[in-house]
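>>> Could you look at this predicted model? Sequence included:
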Amino acid sequence: MKNRLIYNFFSDDDFLRISNQIKKSEQSTSGEIRISIKEKRSLLEFKKDIRELAEKEFKKLGMTGTRDKTGILLFLLLGERKFYILADEGINSKVPQDTWDKVRDEIQNNFREGKFAGGIVTGIERVGNILSEHFPIRKDDTNELSNKVILE
């Protein structure tokens, strides 16, 4: 298992750091942040673009079921060095796509410097700050989705 491509970029400690940052960022927002890292696409996914892959993962992770449609997925296709941020409709109604494009670009700049875990942690911080502006934490908020990094 340790010879997987993913361990060329991330350690188990990195995944813990990422999960902890999700937990920390979600303390100020009712939004739900997920990270999914996929090593490579399947043969059936060969013709899909990165957004379509992110949409498939979003549904697979049950992210369409959050109370206020405030789920956001940071999806990384590691083998192709592609990255996409996909927000649910509740978020998209208040936050324009170019906001997420800027966050994506910042994450990708970190990746170019070899800072893979750092890039994702920074991205989660940015996403959390943006979400807390538009979707502050509510008294009756619950953690609707796991903070664990999804690895495929």
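Structure's in. What do you need? All values reported here derive from a predicted model rather than from experimental measurement. Numbering: from 1, shown residues only.

>>> For stretch 6-16, C-alpha coordinates in CSV please.
Listed next in CSV are the C-alpha coordinates belonging to stretch 6-16 (Å, rounded to 0.1, in the frame of the first residue of the first chain):
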residue,chain,number,x,y,z
ILE,A,6,0.1,9.2,-3.4
TYR,A,7,2.9,8.6,-0.9
ASN,A,8,5.3,10.3,-3.2
PHE,A,9,3.5,13.5,-2.4
PHE,A,10,1.9,13.1,1.0
SER,A,11,2.6,11.3,4.3
ASP,A,12,0.2,10.0,6.8
ASP,A,13,1.1,13.0,9.0
ASP,A,14,0.1,15.3,6.1
PHE,A,15,-3.3,13.7,5.9
LEU,A,16,-3.7,14.3,9.6
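
>>> which residues touch the nearest residue to Glu55 once chain neighbours are set aside?
Nearest in space to Glu55, with sequence neighbours left out and distances taken as CB to CB, 6 or more residues apart in numbering, is Leu86 at 6.4 Å. Heads up, the C-betas are built off the backbone N, CA and C, glycines and all. Going by CB atoms under 8 Å, 6 or more residues apart in numbering, Leu86 touches Arg51, Ala54, Glu55, Phe58, Ile72, Leu73, Phe75.

>>> tell me which residues form a beta bridge with Leu86?
Beta-bridge pairing of Leu86 under DSSP bridges involves Leu73.

>>> Trp100 versus that one, what's the distance?
Leu86 sits 8 Å away from Trp100, taking CB to CB, to the nearest Å as the criterion.
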